[in-house]
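Visitor: how would this look folded up:
(2 chains)
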Amino acid sequence: MDSYKSLKKLHIGLLFIFGFMIVVAWKSGLFAILNVPENIALQSFKTMFISIVLESIPFILIGVVVSSILQIFVSEKWIQKLVPKNPLLGIIYACVLGILFPVCECGLIPIMRRLITKGMPLYVAVVSILVGPIVNPVVYVATFSAFRGRPEMLYARMGLAIAVGTVIGLIVYFFVHQNQLRNSKLTLYAGTNEGTTEHEQQHRKGNKIFAVLEHSGSEFFEMGKYLMLGSVITAAIQTFVPRAELVEIGQGPMVSHIFMMGFAYILSICSTSDAFVAASFVNSFSVGSLLTFLVFGPMLDFKSTLMLLSVFKTRFVLLLGCLIITVVLVGSLIVERFYFGY
Amino acid sequence: MEKEHSNKAHYWIRAVILLGFTFYITHLVSTGNIIYYIAPRMTPYVKYASILLFGIAIFQVYLALQSNREENEESCDCVHIPSRSLIVNIGTYSLFILPLVMGFMMPDTAMGSSVASIKGMNLSADQSLLQTLSTSKTPKTSAPLSEEDTELTKLFPSDEYTEDYALLGMRLYKKEMITIEEEGYMELLTSIDLYIENFIGKKIKMTGFVYREDDMLSNQFVISRLTMQCCSADTAPYGIMVESVDATNFAEDTWVELTGTIGQTTYNSNEIMKIDAISLTPTDASATPYIYPYFDDFNQLGN
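Guide: All right, here's what the predicted structure looks like:
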């Protein structure tokens, strides 16, 4: 009985919130009257935080909806058959997948998580997550227009991304064999244990589209919480850490590369717009270190680390992080030396 | 049964949050305030997303009601959600509620000089363009040109990447007074900055907000705008140095309309473009808080 009472309270509470929101939606100017203490920094934080959230929502929705459709409509066997057996072909396949899903990492991570549970080899998914956000057509165009005067940057970015993806993909292929997925309720659903049967019974009861909506709902919250946390931290850094001071820290030839990685990591800008940010640093940083920024950022940043942690075991995320740092650094130093010619 | 109970609460809370997002996005679109957060070319996606969110939200309500019915059918000896996971859940859902609370409770405002000082002001043209320009000084002649135009092409050397800016520069060069509109703001200023020698002494008119740095002289300030690619997180301040005896009359973040002559000055050991003010008048803040990159035909600019 006790729980029933509390449930009722919950319902009344929720009804109140619903009503409140409807009032807010109808009378939008309501809160401008409530004089929130004016604080410019807090105001900038709010603007930045909300804009990051709003910008990511469409992409993460594409991700969770595609992932849910895969869950309901695509069978494990089909996915397993589709992936080439040869690791190099698998890597090419992963890059093509990245072009087919032109979303940044917010959208790709939920899709790849679903594909792994459906039997896609880990290395193919990893390559897609790393290379996909860079080789997609939207990022290609953005990089081209940001670096109009330096097209070699565009080719270096795309080329290095694929090279880094290939190296890391092969390492994962040869050395990582265990299941690296974090065991969540959702992973169990797609496996062969009891979760599936219970779940499939539910699906038989209802419409398949309903099932997609149900999955999308839970996955939106599952992935979204990491996105939200990442956005809060990113907005805070963008609001409170002066860039000029950051820039002064790293100016040496090697330091600038490492600095740019850290910079990309904490800024967590979407891969579709980071080229423009990089372009504004052309006069203070070497081209090589900007390349590091452009390749490293989409592969690993604050937001995506949190999202990766929701999918993979912590140890695997750490391994992946170390691999990305090393391979991108070595790769961009090589490109700087032999392609840009410094 | 425990699962059913906790699921039910989850469905309700999720429905509320998702509807909250739908309402918030609808509210931003209907008031037009969404321009404070997202670039116009991105807004359609956010709109479609809100429709999808609404669909998912309604389905969460349906699920909650359905689990209600099931519960009534069977006798329920539900146990409360364990406190540890309750805390985790509260934490998780607060993360989603936070943007809604901030969104509804705080006014929508454009960012100004405070952001500019954090992000660092850009006072010159796209450096990557300048670099290629210095390496390729060969004037490009594609079509037969009149005497006057050949003279012009010599003044505006270009390569394949700066050709658009050179053509734009030639059109601006012929003008009595160059007006920097919001549309193509960056591109117009970049073109002038690339060929600054040709424009020294010419008249220019533009609008922006006042921004200052500590090491600027008392007669100096920057007339500035924020540029946006996708969302506020990637905004970057872009401005031109202004010199005027009246500079001190204008407080930080004041919007001014400026007419002046183009010149050059040195700031932080960089040669940059400056404007000597002829007239400076306070004006209203622009209706569009940001300026966006220009994706249309370059030939439309500067006419």
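Visitor: how about B:Ala49, what does it touch?
Guide: Neighbour list for B:Ala49: A:57-58, A:61, B:25 [criterion: C-beta atoms under 8 Å, 6 or more residues apart in numbering or on different chains]. No exception for glycine: its C-beta is placed from N, CA and C like everyone else's.
Visitor: check the gap between the closest residue to it other than its chain neighbours and B:Phe250 for me.
Guide: Nearest residue to B:Ala49, sequence neighbours excluded (C-beta to C-beta, 6 or more residues apart in numbering or on different chains): A:Pro58, at 4.1 Å. Distance check for A:Pro58 against B:Phe250: by C-beta to C-beta, to the nearest Å, it reads 40 Å.
Visitor: between these two, who's got more neighbours?
Guide: A:Pro58 (24 against 21; other C-beta atoms under 10 Å in any protein chain shown).
Visitor: confirm that the more buried one sits in a helix.
Guide: Yes: counting by DSSP: H, G, I helix; E, B strand; the rest coil, A:Pro58 is part of a helix.
Visitor: which ones are touching it?
Guide: With C-beta under 8 Å, 6+ apart, A:Pro58 has these contacts: B:45-46, B:48-49.
Visitor: and these, which is closest to A:Arg114?
Guide: B:Ala49 (19.5 Å; C-beta to C-beta).
Visitor: list the buried ones in the strand or helix carrying that closest one?
Guide: Secondary structure assigned from DSSP states H and E places B:Ala49 in helix B:43-73. By neighbour count on 16 or more other C-beta atoms under 10 Å in any protein chain shown, the buried set for helix B:43-73 is B:43, B:45-46, B:49-50, B:52-57, B:59-64, B:67-68, B:71.
Visitor: show me how far that helix is from its chain's centre.
Guide: 33 Å (C-alpha atoms, centre = their mean, to the nearest Å).
Visitor: what average pLDDT does it get?
Guide: Helix B:43-73 carries an average pLDDT of 81.
Visitor: which SSE is immediately downstream of it?
Guide: Next in line after helix B:43-73, if elements are assigned by DSSP H and E, sits helix B:83-105.
Visitor: and the closest residue to A:Leu108 other than its chain neighbours, what pLDDT?
Guide: Among residues not flanking A:Leu108 along the chain, A:Gly132 sits closest, at 5.0 Å (C-beta to C-beta, 6+ apart). A:Gly132 carries a pLDDT value of 88.
Visitor: mind giving me the packing neighbours of the helix or strand harbouring A:Gly132?
Guide: Assigned by DSSP H and E, A:Gly132 belongs to helix A:122-135. Using 3 or more C-beta pairs under 8 Å, 6 or more residues apart in numbering or on different chains; DSSP states H and E, the elements in contact with helix A:122-135 are helix A:87-100, helix A:105-117, helix A:151-175, helix A:287-299.
Visitor: can you give me how far that helix is from the chain middle?
Guide: Computed by C-alpha atoms, centre = their mean, the chain-centroid distance of helix A:122-135 equals 11 Å.
Visitor: what parts of the stretch 201-342 of chain A come near chain B?
Guide: A:210, A:213-214, A:216-218, A:220-221, A:224-225, A:228-229, A:231-232, A:234-235, A:238-244, A:247, A:269-270, A:272-274, A:276-277, A:279-280, A:282-283 (C-beta under 8 Å from any C-beta of the partner chain).
Visitor: rerun at 6 Å
Guide: A:213, A:216-217, A:225, A:228-229, A:238, A:242-244, A:269, A:273, A:276-277, A:280, A:282-283 (C-beta under 6 Å from any C-beta of the partner chain).
Visitor: would you show me how to pick out the buried ones of those in ChimeraX?
Guide: Those of those that count as buried under 16+ other C-beta under 10 Å are selected in ChimeraX with:
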select /A:213,216,217,225,228,229,238,243,269,273,276,277,280,282
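Visitor: now intersect the residues of the stretch 201-342 of chain A next to chain B with the helices, please.
Guide: Counted as lying in helices by DSSP state H, out of these, are A:213, A:216-217, A:225, A:228-229, A:238, A:243-244, A:276-277.
Visitor: hmm, which two among those are most spread apart?
Guide: Pairwise over those, using C-beta to C-beta, the maximum falls at A:Leu213 and A:Ala244, 47.6 Å.
Visitor: what stretches of the chain score poorly on pLDDT?
Guide: Using chain A. By pLDDT under 70, the low-scoring segments of chain A are A:1-11, A:14, A:18, A:20-38, A:102, A:183-206, A:245-252, A:283-284, A:341-342.
Visitor: please go with chain B instead
Guide: B:1-6, B:67-85, B:125-149, B:303.
Visitor: which residue is nearest the centroid of it?
Guide: B:Met228 (2.2 Å; C-alpha atoms, centre = their mean).
Visitor: distance of it from B:Tyr37?
Guide: 9 Å.
Visitor: what's the answer for A:Ser128, then?
Guide: On the measure of C-beta to C-beta, A:Ser128 and B:Tyr37 end up 30 Å apart.
Visitor: what of A:Ile129?
Guide: A:Ile129 is 27 Å from B:Tyr37, by C-beta to C-beta.
Visitor: and if you look at A:Thr234?
Guide: Going from A:Thr234 to B:Tyr37 by C-beta to C-beta gives 14 Å.
Visitor: check A:Asn207 too.
Guide: Distance from A:Asn207 to B:Tyr37, by C-beta to C-beta: 35 Å.
Visitor: the two: which has the busier surroundings?
Guide: With neighbours defined as other C-beta under 10 Å, A:Asn207 and B:Tyr37 compare such that B:Tyr37 has more, 28 against 9.
Visitor: for the stretch 101-250 of chain B, what lies in contact range of chain A?
Guide: B:102-107, B:109, B:111, B:114-115, B:118-120, B:122, B:127-129, B:132, B:161, B:229-234, B:236.
Visitor: what subset of these is buried?
Guide: Counted by 16+ other C-beta under 10 Å, those give B:102-104, B:106, B:109, B:111, B:114-115, B:118-120, B:122, B:127-129, B:132, B:161, B:229-234, B:236 as buried.
Visitor: neighbours of A:Gln178, just the number please.
Guide: If we define neighbours as other C-beta under 10 Å, then A:Gln178 has 8 of them.
Visitor: what values do phi and psi take at B:Ile180?
Guide: phi -90, psi 110 (degrees, to the nearest 10).
Visitor: which residue packs closest to it, ignoring adjacent ones?
Guide: B:Met206 (3.9 Å).
Visitor: and B:Leu98, what does it touch?
Guide: The contact partners of B:Leu98, taken as C-beta atoms under 6 Å, 6 or more residues apart in numbering or on different chains, number zero.
Visitor: what ranges does chain B have for its strands?
Guide: B:177-179, B:203-211, B:220-227, B:236-243, B:255-267, B:270-282, B:290-291 (DSSP state E).
Visitor: so what does the shortest one touch, helix or strand wise?
Guide: In terms of contacts (3 or more C-beta pairs under 6 Å, 6 or more residues apart in numbering or on different chains; DSSP states H and E), strand B:290-291 is packed against strand B:220-227.
Visitor: pairing partners for the strand it packs on, with directions?
Guide: strand B:203-211 (antiparallel), strand B:236-243 (antiparallel), strand B:290-291 (parallel) (DSSP bridges).
Visitor: so what touches that strand?
Guide: B:121, B:186, B:208-212, B:235-243, B:247, B:258, B:290-291.
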